[in-house]
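Participant: A predicted structure for the sequence below; I have some questions about it.
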Amino acid sequence: MSLKARVAVGAVGIGLLCVPGGGPAVAAGGASVRYCGVDPASGLGVLAGNRVACGVAMRVAAAYTKVWHGSAGADVHAAGSRWKCRERQGDPNPYQACVDVRDRGRVVMLSS
């Protein structure tokens, strides 16, 4: 099998090695995330938390990158929910995290 992407998000202690189609990955602390693809507007990798479908994650990423202009964050409406997106400090690079304001267990991350 060929590798499609390798994305590291150090702040949450996650290392991913994914195959095409967004294979599952295990994260520290019992949470899991999946690599869903690349947001075409920003070029950032999109990761979906274990309670977010990849299609939803890609819509959240698209909505966020439309309004994000290098700021520390923004609130966006996507996939029927309001998401609070903020920059988080990773190790070594920062990443963007979007959390569903009605269900804080639903998370989407964007990372380089």
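Facilitator: Done, it's in.

Participant: Helices along this protein, start to end?
Facilitator: Using DSSP state H, the helices of the chain run over 54-67.

Participant: Tell me the buried residues in stretch 86-101?
Facilitator: G90, Y95, Q96, A97, C98, V99, D100 (16 or more other C-beta atoms under 10 Å). Glycine gets a C-beta too; all of them are placed from N, C-alpha and C.

Participant: For these, point out the one with the lowest pLDDT.
Facilitator: The lowest pLDDT within these belongs to G90, with 84.

Participant: What separation do you get for it and S71?
Facilitator: 17 Å (C-beta to C-beta, to the nearest Å).

Participant: Same check on A57?
Facilitator: 21 Å.

Participant: okay, those two: which has more neighbours?
Facilitator: Comparing A57 with S71 by other C-beta atoms under 10 Å, the one with more neighbours is A57, at 29 against 10.

Participant: Look up the closest residue to the more buried one, ignoring the ones flanking it.
Facilitator: A48 (3.7 Å; C-beta to C-beta, 6 or more residues apart in numbering).
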